[in-house]
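1. how does the following fold in three dimensions:
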Amino acid sequence: MAGPIASLPGRNAAVAIGVAARRQLAAEWRGTALHRWTLARPKPEGLSAAPRDLRPVDAENGARILAGAFVLAGATLTTGPRGDPWDRPSPDRAFAVALHRMAWLRDVVAAGAPGPSEGLRLVLEWRRAFGRWNGFSWSPDVLERRVFNLACAVRTICTRASEAEAANVALDLARQARFLLQAEEGPVRAAERACAAAVAATALGGRPGERLLTDALAKLERALPATVDADGGHATRSPQAALELLFDLRTLDDALVQRGVAPPDEVMRAIDRLAGAVRFFTLADGRLAAFQGGEELQPAYVAAARARDEAEERPIPAARNGYQRLEARSLQVMADAGPPAAGAWSMAACAQPMAIEVLAGARRLIVGAGWSPDAQGPQAMRLVDAASTASIGDASCGEPLRGFPARVLGPRLVGAVDAVEARRHEAPGALWLELAHDGWARRFGLRHERRLYIDVEADELRGEDRFTPAGAKGAGGGRKFVPFMVRFHLHPQVNALIARDKKSVLLKPEGQEQGWWLRNDAIEVAIEPSVHYQEGHPRRSQQIVLRGQARLETGARIRWKLSAAESR
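-> A predicted model of the protein is given here:
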C-alpha cells in the first residue's frame with residue numbers, strides 16, 4: 001500500500017476490519033466436519049520421493065531432544081526421555097511456533113539410530129493432539145514450515161512405522177498441504193506456501209500426489225514473479241528471505257528430479273536469480289548482510305545454500321535489490337540504497353534509509369541491530385536509531401503499524417520513505433555513492449544526503465552526511481535549529497575508545513592488532529550502549545553517535561573518515 005491512497009487516515013483500520021471479517025468466516029468453515037472431509041480426499045497412495053532439505057542439521061540438538069530437552073527459540077521445555085511436548089504449555093509463543101513448525105525434526109532424524117523412531121512418535125503424538133484444525137497450529141506461518149519439514153522427514157521416520165501409522169502420517173501430510181494451498185493470505189509468502197505444498201506432494205504417491213503436485217506447481221509459477229525480482233532479490237528486500245526461498249526451491253528441484261518431473265522454467269529461473277542474490281549478499285566473513293529484517297546467519301548455513309551455485313566464478317555485480325557494494329583492499333561496504341518494502345511485504349521491513357554495514361579485514365566493524373522477526377527483539381529495532389545512518393530530532397522515517405490494525409494485518413511498516421535516490425560513480429582507484437531521501441522533509445523541511453567514497457589505494461572510507469533545505473513550507477514548527485545524529489553501531493566484538501582530541505574514535509576488533517580510526521568534524525562525539533542480534537539473541541555492543549545542530553534555513557553537514565590506525 002504505497003502512495004497517497006495508503007496514507008489516507010483510517011485506511012489501515014478499514015482494511016483490517018474487512019480482513020478480520022473474512023478470516024472469521026474462513027475460520028468457521030475450516031472448523032466444520034465437511035471441510036475436514038474434503039481435505040482428506042482423495043487419500044494418498046503411500047509415499048514416493050524423499051525430499052532433501054539442504055539446510056545444515058544440528059545433531060547435538062537432536063540428541064538433546066532424544067534426552068527430553070527441547071531448546072527452541074531461546075527457551076527450554078524439559079519433557080524427559082520419550083516425553084510429550086504437546087500436552088503441556090510452551091514457555092512462550094516463540095517456542096510454541098518453533099515447536100509446531102517442526103524444523104527440529106531433521107535434527108532428531110540425524111541424531112542416530114533412535115532418531116527416526118522418536119521422530120515418528122512425536123509426529124503421531126502431534127496428530128492426536130492437533131490433527132484437527134485450530135487457529136494456532138494450522139495458521140499459515142506455522143503450517144507452511146511444518147509441511148515442508150514433515151515432507152523432508154516423512155520417508156525416514158516411516159521406515160519403522162506400521163502400515164497403519166505410515167498411512168496416517170501420509171494422510172496428515174496431504175491434508176495439511178491441501179489446507180496450505182487453500183490459504184488466501186495475499187501475495188506475501190505465497191511462493192513459500194506453494195513450494196512447501198509442492199515438496200509435500202512429491203513425497204506422496206499415486207494420483208492424489210500427482211494432482212496435488214500439479215495444483216501446487218501452478219500456484220508456485222504464479223507467485224514466483226511477484227516474489228523474486230528480476231535481479232534475484234526477494235520482494236521483502238530481506239537477504240535472509242532470498243536465501244531461505246533458495247533453500248526451499250532447491251529442495252523442490254531435487255524432489256522433482258526424483259519423481260521424474262521436469263522442474264518448471266519459472267522455478268529454475270528463480271533458483272538462478274536467487275543464487276546470484278545470495279552471492280551478492282554474502283560478505284567477506286561468509287555471513288549475509290543483515291538488512292530489512294534479515295539476520296547475518298552462520299557461515300556454514302550460508303555456505304550450504306551456495307553449495308550448488310554453478311556461477312561462483314562470475315563477477316559479483318555492484319548493485320542488487322536496491323543495495324550497493326563498495327570494496328577496497330580490506331574494506332567492504334554494503335549500503336541500503338533503496339526504500340523499504342511497502343504494504344503487506346513490509347511485515348519485517350525496517351525504516352532505516354541509507355544504512356550501512358562495514359567490514360574491515362573480513363571482520364564486521366560497523367553494523368545495524370540485526371533485528372529479524374525470529375529475534376524476538378522489540379519493534380523499536382526496526383526504527384532509524386537502530387541502524388548506522390542519520391536521524392533528525394526524535395522523529396522516525398516510518399514505524400510499524402500498531403493497535404487493532406497491527407493485530408489483524410501484522411506489524412507492517414507505515415509512513416516510510418518510498419524513494420531513495422542513488423547514483424554510483426567509478427574511477428581508477430575510487431568508488432563513490434551519492435544517496436538521498438526526503439523522509440525528513442515534511443516535518444523538518446530537510447533532505448538527507450549521504451556520500452560514501454572508497455579510496456581503493458589508501459584503503460579508506462570517507463563519508464559525508466548533509467541535511468539540505470527541501471523547500472517544505474511551514475516545516476520545523478517555527479524552530480530555527482533542529483538536532484541531528486549520525487550513528488555507527490559496532491559489532492559486539494569491536495571496542496571503541498575516544499582519543500584525546502575528543503573527535504577521533506579508535507575501533508579495535510577483538511583478537512586483531514590493527515585498529516581503525518573514525519575521524520569526524522562533529523560538534524559532539526559520544527560512545528553509547530547498543531545491542532546487536534545474532535542467531536536471535538541480543539548481544540551488548542556500542543555505538544558511536546555524532547551530534548550536531550542543523551539550521552532549517554541552511555542545513556548542516558558532518559564529514560567522517562574510516563582508515564587503518566597505522567596510517568594515522
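
2. does I558 touch L546 like I think?
-> Yes: the criterion here is CB atoms under 8 Å, and I558 meets it with L546 at 5.5 Å. Any C-beta I mention is one placed from the backbone N, CA and C, and that applies to glycine too.

3. which of the two has more neighbours?
-> Set I558 next to L546 and count neighbours by other CB atoms under 10 Å: L546 wins out with 24 against 21.

4. now do the contacts for that one.
-> Applying CB atoms under 8 Å, 6 or more residues apart in numbering to L546 gives the contacts 485-488, 520, 522, 524-525, 558, 560.

5. with G398 instead?
-> 340, 351, 383, 413-417, 439.

6. and of the residues you listed, the nearest to V494?
-> For the contacts of G398, the minimum distance to V494 (CB to CB) is 22.3 Å, reached by L383.

7. what about the residue lying closest to T282 once chain neighbours are set aside, is that helix, strand or coil?
-> Closest residue to T282 apart from its sequence neighbours, by CB to CB, 6 or more residues apart in numbering: V302 at 5.7 Å. Under DSSP: H, G, I helix; E, B strand; the rest coil, V302 falls in the helix class.

8. so where do the strands sit in the stretch 1-150 of the chain?
-> Here the stretch 1-150 of the chain has its strands, by DSSP state E, counting those that start in this stretch, at 69-72, 75-78.

9. not counting the first one itself, show me its contacts.
-> Taking CB under 8 Å, 6+ apart as the criterion, the residues outside strand 69-72 that touch it are 61, 64, 76-79, 85, 94-95, 98-99, 104.

10. what's the answer for stretch 90-100, then?
-> 70, 72-77, 85, 104, 126, 130, 136-137, 141-142, 146, 374, 376.

11. inside helices: which ones of those residues?
-> Under the assignment DSSP state H, the contacts of stretch 90-100 contribute 126, 130, 141-142, 146 to helices.

12. rebuild those residues as a markdown table, extending it with neighbour count.
-> Formatted as a markdown table, the ones in helices among the contacts of stretch 90-100 follow (neighbours: other CB atoms under 10 Å):
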| residue | neighbour count |
| --- | --- |
| W126 | 20 |
| F130 | 16 |
| D141 | 16 |
| V142 | 18 |
| R146 | 25 |
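
13. please identify which of those residues is nearest to D53.
-> R146 (12.8 Å).

14. that closest one against M102, yeah?
-> Yes: the pair R146 and M102 passes the contact test of CB under 8 Å, sitting 4.9 Å apart.

15. for these two, list the residues in contact with both.
-> Counting by CB under 8 Å, 6+ apart, no residue touches both R146 and M102.

16. what's the single longest strand in the protein?
-> The longest strand of the chain (DSSP state E) is strand 537-551.

17. okay, buried residues for that strand please.
-> By 16 or more other CB atoms under 10 Å, the buried positions in strand 537-551 come out as 538, 541-546, 548, 550.

18. one more: stretch 164-182?
-> Buried residues in stretch 164-182 (16+ other CB under 10 Å): 165-182.

19. contacts only, for E460.
-> E460 touches 328, 331, 454, 561-563, 567, counting by CB under 8 Å, 6+ apart.

20. how does it look with 7 Å?
-> Counting by CB atoms under 7 Å, 6 or more residues apart in numbering, E460 touches 561-563.

21. also D253?
-> The contact partners of D253, by CB under 7 Å, 6+ apart, come to 263, 267, 271.

22. so it sits in a helix?
-> Yes: using three-state DSSP, the assignment for D253 is a helix.

23. and it, how far is that from A242?
-> For D253, the distance to A242 (CB to CB, to the nearest Å) stands at 16 Å.

24. show me where pLDDT drops low in the protein?
-> 1-9, 310-313, 472-474, 476-477, 567-568 (pLDDT under 70).

25. that older thread, and the contacts of G398 as a markdown table, adding neighbour count?
-> A markdown table is the format used below for these (neighbours: other CB under 10 Å):
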| residue | neighbour count |
| --- | --- |
| P340 | 27 |
| A351 | 24 |
| L383 | 21 |
| L413 | 25 |
| V414 | 21 |
| G415 | 16 |
| A416 | 26 |
| V417 | 20 |
| G439 | 27 |
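
26. thanks a lot, see you next time.
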